[in-house]
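Colleague: show me how the following folds:
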Amino acid sequence: MEATFTAEVWYWRGPAPWYFVTVPEDVCLDIQELSGRVSYGWGMIPATVTVGESTWTTSLFPKDGSYVVPLKTQMRRRERIEDGQMISLALAVPGS
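Modeller: Here you go, the predicted structure:
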């Protein structure tokens with residue numbers, strides 16, 4: 001499964017602070033259809049993400065009925081991404 005979308009970056013201040021992007025509802029529905037085949041522990045979904053010139057592998061986290069994409073610090077710095085910014089992402093879920 002592959003998808004491209006634009007979403008706002010948000011910061012989670014929990015015990016392990018991190019930046020995320022929420023996957024749009026229509027893309028989440030496609031991911032949920034695949035989740036039984038590709039999910040591992042706690043509903044995590046392996047994915048490859050591309051933002052600008054940066055591509056990395058990560059896991060989508062389930063949150064409030066949708067999924068969120070964690071944005072690695074190194075990638076955020078390289079692409080000059082900040083909290084509240086709208087960014088375009090290309091998302092691929094392998095094995096689907």
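
Colleague: burial count for Pro94?
Modeller: 11 (other C-beta atoms under 10 Å). Where C-beta positions appear, they are placed from N, C-alpha and C, glycine not excepted.

Colleague: with adjacent residues omitted, what lies nearest to it?
Modeller: Closest residue to Pro94 apart from its sequence neighbours, by C-beta to C-beta, 6 or more residues apart in numbering: Pro46 at 6.1 Å.

Colleague: who's in contact with the one you found?
Modeller: Taking C-beta atoms under 8 Å, 6 or more residues apart in numbering, we find Pro46 in contact with Val38, Tyr40, Thr57, Thr58, Ser59, Leu60, Val93, Pro94, Gly95.

Colleague: nearest to Val9 among those residues?
Modeller: Among those, Thr58 lies closest to Val9 (C-beta to C-beta), at 14.5 Å.

Colleague: quick one: pLDDT of Ser66?
Modeller: With respect to pLDDT, Ser66 scores 93.

Colleague: actually, Ser96.
Modeller: 54.

Colleague: please enumerate residues in contact with the one helix or strand Val69 maps to?
Modeller: Element membership of Val69, judged by DSSP states H and E, is strand 66-71. With C-beta under 8 Å, 6+ apart as the test, strand 66-71 has contacts from 9, 18-23, 25, 28, 31, 45, 47, 49, 51, 58-61, 81, 89, 91.

Colleague: centre of the chain to that strand, how far?
Modeller: Computed by C-alpha atoms, centre = their mean, to the nearest Å, the chain-centroid distance of strand 66-71 equals 3 Å.

Colleague: can you check stretch 35-49 too?
Modeller: The chain centre lies 11 Å from the centre of stretch 35-49; the measure is C-alpha atoms, centre = their mean.
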